[in-house]
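> my questions are about this predicted structure, shown below with the sequence.
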Amino acid sequence: MTAGRSALARGFLLFAVALVTGGASLASDRVGIRAAEHEGFARFVFDWPAPVAFTTTSRGRNLSVRFDRSLRADPKAITRKLRNYVAGARLSDDRMSVDIVLKEAYRLETFAMGNAVVFDLRPIEGAVAMRAGVQRTGYADRSRSADKGPPGLPVRVGQHSKYLRLVFDWTKPVNYKVRETAAGVQMRFARDARIDMAALRKDLPPELATAEARSDAGALVLTLPRKPGQRIRHFKSGTKVVLDFLQDAGKTAAAPVAEAKAEPAPKAPERATPPPPDEAPPPVAAPVPAVQEGSPVIAAAAAETPADGAAATNDGAADVAGAKITAAEGGKKGVSLVFEWPEPVGAAVFQREPYVWIVFDKRAQLNLASLRDAGAEAIDLIEQLPVGTGTVVRLIPKPGLSPAVDLEGANWVVRFRKSTISPQVPIVLRVRPETAEGTQLELPVSEFGRIIHIPDPDVGDMIVAVTLRAPGHGVAGHRRYPEFGLLASAQGIGIETLSDDLEIRDAGDRGVVVSAPGGLHISAVSEGAEKSSSFLGPRIFNLGNWFHGKNEPFIPARQAMFESVVDAAAERRDDARLDLARFYFARGYAPEALGVLRTIEFANPDMASLPEFRALKGALQVYMGRPYEARKALLDPSMDQYQEISLWRGSMFLQSGEATKAAAHFRSGEPVLQSYPEPLKSKLAIELTEASLADLDLESATVWLDQLASSIDKMPRDLAARVVYNQGVLARDSRKLDDAVALWSKARNGRDRWAAAHAEYALIDLGLQQETITPDEAIERLDRLRYQWRGDDLELSVLDRLGNLYLAKHDFRRGLNTLRTAVTYFPEKEQAKTIAQTMTEAFRKLHLAGESNLLPPLKALALYDDFRELTPAGPEGDLMIQRLADRLVAVDLLDRASGLLSHQVRYRLKGEERARVGAKLALIMLLDRNPKGALSALRNSFHPNLPPDIEDDRRRIRAKATMDLARFDEAIALLAGDVSREADLLRANIYWSTKDYGEAAKVLQRLSGDPQDEAAYPEEQARYILSWAVALRLKRDEAGLKMLRDLYGPGMNKGNLAAAFAYISSESPESAKSVEEMSQRIVQGDKFEAFLRNYRERLMKPLAASPKDAGGSGAPAAGESAPPTGRLASPPAQNANPAAIPPPPPPPRG
C-alpha cells in the first residue's frame, strides 16, 4: 500500500496548494480514458493534456478520484472495459471527480506517467478477488465457482471495416460444426464450456444482442442471429476458433470494439484483443519513474528490482532496470528480458544466424549497459541498431538457447531457454498462384502491427520485419525461396530479401502478402514437404485417420464400418454414416462414398450444410469426373482457408479443360499431396503432372513422374498406363522424340483405352509435324480414332485436327461438317470458340478469296446454303452474297441468284446499300423475264435521297420493267429528260416495239456518233450505224438513207459490215418489200434484249467502290476484292460502249 499512499499524499499536497493559491479551472480539459483487464489485475488510465494533481478516497467498494481541474470525459468506458471489476462509474456535477463502484474490494495502486494518471486494481491477498473463469480478455461465465461445471470460455469481439469478428479462446484444439439458416447461425463445439452471455451481449451490436448459449450432451451450442443474406466465414487459428460476420459492400462499419489506444501503430487495423498468456505478470514493487510517452522500459522478469538499477538516460531515453537471470527448466541457465511499454506495441522476434533480432514498431532509445552484465551467462552480444521507424535490438545468445515470446499486459517478455526457435501459433503459408499479378504468398496474421525495413550491417542486404500484436504468432522453420527467405521466428515475421523487386504489403483481411512483378517463383515440390505439412494450415480431410489402418484389408475394415453404423444410436447414426463415407473416400471408392453422402443429405440436411460435408462431396464429384457439379462446393470462398482444397480445385479445372488454372492450384496444394494415401495420391499426382506439362512446367512434371515411376508396378492398370503416356509427353517436350514415340507406342498397344487413344493422337500429331505420315494417312487414322474415344477434350482435338486436314485438301464440305460437329458437341469449351473462328475464316476465304471457284456454281451454292450461319455480318458478308449471286447469274441460275439477293435485301441491308442491291436484284429478275418481280424489288428497296447515279439506274430499270409490261407511255415518261446512253437504248427499244421507226432512227442517230471518211468505224459504232439504216429502211425514208450513205458510207465500206450496210441502204434494191422484211427479221430477235444485255455486261463486271469509299479510281486493285456496295458499274464514256440494240448479223449474200 506504500505506493498508493505516497501517490495519494503527493496528489493531496498538490491539490491543497492549488486551493491556497486560489487557482481555479477556467475551462474543462478533454481527457481520454483507457481501460483493460490484464491477467491478475485491471488498469484504467486518464490521459490529460498536461500533468494534473489528484486525490483518491476509498470506502469499501466505492472509489472516488478527484482532480484539481475539471474534465470532459465519459467514465462509462471504465465500466465497459472492466466489467469484471467495475459495476458503474459516473462524473460528478462539478466535473472534477470520478466516482466508481467496484464489484469487490480491491487493492488500489496509483502512479503518474507524464500526463497520464494510472490506476491498478489488484486482488487483496487472502481474499477471493476474482471468480473462476476470469480472463485477461473476453467473457467467461462467472455465475458458478471454478470447481463446479465446465470451464469458462473467453470470447473476444472485434469490429473491423468489413466484418465483425468473434474469437473463441479455447486452450486446447476443439472440433466444431456450423449450421447456417436464413435467420441465424448455430455453432456446436465438441466440448462444453461456459460463456458470460450478459457481458458478451453488451459488446455485440444490437442485431446480435439476442445471442444464446447452452450445454447439450457435453457440447457447447451457441446461437446467433444474422441479417437476411449476410454471409459468414469461420476457421481455426491454432487453438482458437474464429467466426466472422461479413459486412455488406458499401456499408460503413460500426465503431471498433477494441480497446482504445493513445497512439496506435501506423496502418494497424482494429483487431480483437490478443489471447492471454499463461504466465502471471510481475507485481509492481514501487512506483515507476515518469518517462516520456512511447519509451519502453527493460525490467527484471522477477519481482525484485536490482539494487544497481540504471539511471535514466537523456533525451527521453528509457530507463534500464536491468535483467534478472532466472533458472530455466532442468537447472539450465536462461534469461528473460522484459520490455515494458506504456501502451500496446507490435513485436517481431526472429533468428538470422548468428543473431536473434528483436523488433518493436515504436521508436525508443534503450540503455543496454546493465543488460550486458546481467545476461552475460546467456547472451554473448547485445546491441541496438539505428532504425528510424522502430526499435531494433539484435543479440547473440549462447549456443543452444533460443527465444520464446509472451505478452504480459503491454509488456513483451523474451525468454531464452534450451530449445529451438518456434512459435506458439504457426502462421499458415498460402501460395496464391491464381492472382492476376502472378503467384503470391499470403501469410494470414492476427493483429497486424507494422512493416519495418532493416539494413543488415553485416550482410549488406535488407531484412523486412513484420510486427504483430498477437503473442506467439510466428513462422515455423527457415524457408528459402528464389526471391526471398522466411526466417524462423518466435514472434512476427522476418523476411530476408534476395530480389530488389520484392514487395511486402499489408493486404487487410488477407494478411501479409509477398509478391514480385510477374509473380513469385515458388518451388514446385519442396524437400521435406511431408514433414512440414503441419505448417500448411488447417486440414479439412483427415485421410490418415479416415483410412482406418494402413495395412488393414479393405473388406474387414468396411465390415467394421458397417457394424459401427448399425450399432450407432439414432442421434449418432448420421455421424457414423459420415465416417463410412470418409472411409470410402480415403480408400478411393468414390461412387460408394457419394451414395452414402446422399443418404445423409436426405436424412439430415443440417449436416449436409457443414463446410466439411460440402468439401467432401465436391472432392468426390471431381474424383468421379464430374467437375462442373463440383464447382459450387469447391469454389466457395469459405474453402479458401484450406490449402488442401487447391488440389481438388486443380483436378476440377484440369478435367474441365482449364489447364492453366489447374496448374496454378496444383502448385498451391501439392505439398499436401505428399501425405495422401493411395490411390488418391497417385491419381492426383498424375493429374498434377498433366497440368504441369500443359503449363510447360517440366521441372515439376519430371519430379512427380520420377516419383510415380518408382511405384508404377503397384498401381492399377489405368493409372500405370497414364504414367507411361505422360512420360512420352515429357520426352516430346524435352525434344527426345525417339523416346516419345517408343513410350506412346507402348501405351497405344496397351489394354487401357484412355492411354491408347491419347497415345494414338499424339503419334499422329508428331508424325504430321515430322512428315513421317501423309495427310491422307492422318485423315484415315483420325477418322477411326474419332469413334474409338468419345466425350472429352481428346474427341474435340481429334475433330479439330481432322476438319483442318479436310480443309487443307479443299474438301470443304467434310472439313466444315467435321468442325461443326466439334462445336456442336462441345459448345462450352474454349477450344470450340477457336474452332468456330476457323470455320468462319474458312468460309470467308471460300467465298471471298476465290476458293469457291474450284467448285461448280451449284455446289458452291449448296455449300453456302448448308453453312449460311457462317456468313459474317457487315460488308464482308454482303460482298460474299453478291459474288455468289454473280456466279449464279453467269450460268443462268437466275432464280437462285434472286433468292440470295432477296434474303440480303430483306434481312441484312439498310438505307443506300439496300437500294443499290435492290436495283441489282430487279435487273436479275428482268433477265429472268419477271418484270413484276423487278418492280416489287425496286419498291421494297426504296430509300429517299439516293445519290444521282443509283437513282438513275433504278429509274431506267423501272422503265424497262414497265416497257416489258407494255406500259410504253409510262416508260417514256420515266425517261423524260434523261440524255444518257442507257436512256437512249431504252427509247430505241420502246419506239421499235411501238413501230415508231422515225423516233427510233433519231435515237440511233445520236448513238451512232460523228461520221468519218479515212478509216473504218469501230465494230461497235458500225453496229449502231447499221441499226440506224434498218430504222430508216423500215420507215422508207429514202432521203435519210441517201444522207446516211453519203456521210457514213465511206467509213462503213471499209469495215466488216460493208455488205450488210450496202444491202440495207441500197438506192435501187431488187425488192423494197423484201428488204423491209429482211430488216424486220434482223432486229426482231434482239429488240427486247438490247438494254438487258448491256446491263448484264455491266452486272458481271467487278463491283466498283462507292464514291465515299474510293480514294481515287473506283475499281479495286488487281487481286483485291471491291467493297460490297451493290452498285452497278458506272456508264461507259462516249463511244466506248456498243449500242443497246445488238447489231444485226450480216444479211445473207446473193
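Nice, thanks for sending it over.

> can you give me how far the helix or strand encompassing F613 is from the chain middle?
F613 is located in helix 611-623, with elements delineated by DSSP states H and E. Here the centre of helix 611-623 is set off from its chain's centre by 22 Å, with C-alpha atoms, centre = their mean, to the nearest Å.

> can you list contacts of that helix?
Here helix 611-623 makes contact (C-beta atoms under 8 Å, 6 or more residues apart in numbering) with 178, 234, 540-541, 578, 581-582, 585, 588, 590, 593-594, 597, 600, 607-608, 627, 629-630, 632-634, 636, 638-639, 642, 645, 648, 651-652, 655, 680, 683. No exception for glycine: its C-beta is placed from N, CA and C like everyone else's.

> and stretch 799-819, average pLDDT?
The average pLDDT for stretch 799-819 rounds to 89.

> any regions of the stretch 451-600 of the chain where pLDDT drops low?
522-538 (pLDDT under 70).

> could you redo the last one with a cut-off of 90?
Along the stretch 451-600 of the chain, segments meeting pLDDT under 90 span 456-462, 470-472, 476-485, 497-501, 507-511, 516-561, 563-576, 586, 588.

> can you check the stretch 751-900 of the chain too?
In the stretch 751-900 of the chain (pLDDT under 90), the answer is 751-752, 770-771, 786-795, 807-817, 820, 822-834, 836-900.

> coming back round to it: can I have the buried ones of the contacts of helix 611-623 as a PyMOL selection?
To isolate the buried members of the contacts of helix 611-623 in PyMOL, using 16 or more other C-beta atoms under 10 Å:
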select buried, resi 178+234+540+541+578+581+582+585+588+590+593+594+597+600+607+608+627+630+633+634+638+639+642+645+648+651+652+655+680+683
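
> among the contacts of helix 611-623, which lie within helices?
578, 581-582, 585, 590, 593-594, 597, 600, 607-608, 627, 629-630, 632-634, 645, 648, 651-652, 655, 680, 683 (DSSP state H).

> give me the pLDDT for G32.
Reported pLDDT for G32: 87.

> I figured it hits P49, correct?
No: using C-beta atoms under 8 Å, G32 is not in contact with P49; the gap is 9.3 Å.

> out of these two, which sits in the busier spot?
Taking other C-beta atoms under 10 Å, G32 and P49 do not tie; G32 has more neighbours (17 against 12).

> and the more buried one, its phi and psi?
phi -90, psi 140 (degrees, to the nearest 10).

> ok, it to L91 distance?
For G32, the distance to L91 (C-beta to C-beta, to the nearest Å) stands at 14 Å.

> buried residues, stretch 216-236. List them.
Result for stretch 216-236 [16+ other C-beta under 10 Å]: buried residues 219-226, 232-236.

> now those residues as CSV including secondary structure and pLDDT?
Output for those, formatted as CSV (DSSP: H, G, I helix; E, B strand; the rest coil; pLDDT from 0 to 100):
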residue, secondary structure, pLDDT
A219, strand, 90
L220, strand, 93
V221, strand, 92
L222, strand, 92
T223, strand, 91
L224, strand, 91
P225, strand, 91
R226, coil, 85
I232, strand, 88
R233, strand, 86
H234, strand, 85
F235, strand, 80
K236, strand, 77
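
> with distance to L502 as new columns, can the residues you listed be given to me in CSV?
Converted to CSV, the buried residues of stretch 216-236 look like this (distance: C-beta to C-beta, whole Å):
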residue, distance to L502
A219, 47
L220, 44
V221, 47
L222, 43
T223, 46
L224, 42
P225, 45
R226, 40
I232, 35
R233, 29
H234, 33
F235, 28
K236, 30
